[in-house]
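Quick one: sequence plus predicted model below, questions after.
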Amino acid sequence: MGKASSTRKSVKESLLIPNISEIMLQPFEEPASDLSGILGKHIIYTYSNGWEYEMYYKNSDTVDYKVRSGSVGGRVVKGQKVSIRQLQTALPSEKVEASESEMSSYMISWVEPTGTSVVQVLNLNRREVRTVILFPDWVVKETVCFQNEHLDLMRSYRDQGPTYPIHPKIMLGRLHFIEHCTLDNEHVINSH
């Protein structure tokens, strides 16, 4: 037993596997996001399921949008707080005639007063949007309106539920309209 025990010990020692408690992850800084390619953009896009949306990226933390068709078609949202980050720029090997800020991809995420969570990945150069929307059950059944006029009611519905089941939607959309507007233009998205 002495020989087997010493063999096991030497094999274990030779593997040089560090103890997980000894590993310290080094903090790192997130790269700065250049949002100049998205701020002030007014886009209209349609998902593969036929849902159409209109979006205006007002500033670095606010969007306005209108659901033009789909399960919550007719819904208008003004002043939705969001988080926007630049994801990547085109590779140097790609031959694209556009400024670097026009070639960027962006991740935009937000949680609505309804409890709906949304994450968008927008690529303006490819005219493509990929979106994950997590709809609480009550939203799918109840919500078609100008959100800002009903925030207190929506929050009370959100709080009383039912939240579950969550209705996840993972979608690919194509942009068919892109324009640059003056930043903070209040009249880009109509509430009608």
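Everything's here; your move. Residues are numbered from 1 along each chain as shown.

for this structure, which strand is longest?
Of all the segments of type strand in the chain, defined by DSSP state E, the longest one is strand 167-180.

In three-state terms, label residue 152 for me.
helix (DSSP: H, G, I helix; E, B strand; the rest coil).

Which residues does the longest strand of the chain contact?
In this structure, residues lying in contact with strand 167-180 by C-beta atoms under 8 Å, 6 or more residues apart in numbering are 40-49, 51, 53, 124, 127-137, 140. Bear in mind the C-beta positions are built from the backbone N, C-alpha and C, glycine included.

so what strands line up beside it?
Applying DSSP bridges to the sheet, strand 167-180 is found paired with strand 41-47 (antiparallel), strand 128-135 (antiparallel).

Next, the buried residues of the last one.
What that stands for is strand 128-135. By neighbour count on 16 or more other C-beta atoms under 10 Å, the buried set for strand 128-135 is 129-131, 133-135.

And stretch 64-75, by the same measure?
Using 16+ other C-beta under 10 Å as the test for burial, stretch 64-75 gives 64-68, 70-72, 75.

same question for stretch 75-89, mean pLDDT?
Rounded to a whole number, the mean pLDDT of stretch 75-89 is 87.

which of the residues in it are buried?
75-78, 80, 82, 84, 86, 89.

need the residues you listed in JSON lines with secondary structure and distance to residue 109, can you?
Shown next, in JSON lines, are the buried residues of stretch 75-89 (DSSP: H, G, I helix; E, B strand; the rest coil; distance: C-beta to C-beta, whole Å):
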{"residue": "75", "secondary structure": "coil", "distance to residue 109": "18"}
{"residue": "76", "secondary structure": "strand", "distance to residue 109": "20"}
{"residue": "77", "secondary structure": "strand", "distance to residue 109": "15"}
{"residue": "78", "secondary structure": "strand", "distance to residue 109": "18"}
{"residue": "80", "secondary structure": "strand", "distance to residue 109": "11"}
{"residue": "82", "secondary structure": "coil", "distance to residue 109": "7"}
{"residue": "84", "secondary structure": "strand", "distance to residue 109": "8"}
{"residue": "86", "secondary structure": "strand", "distance to residue 109": "13"}
{"residue": "89", "secondary structure": "coil", "distance to residue 109": "20"}
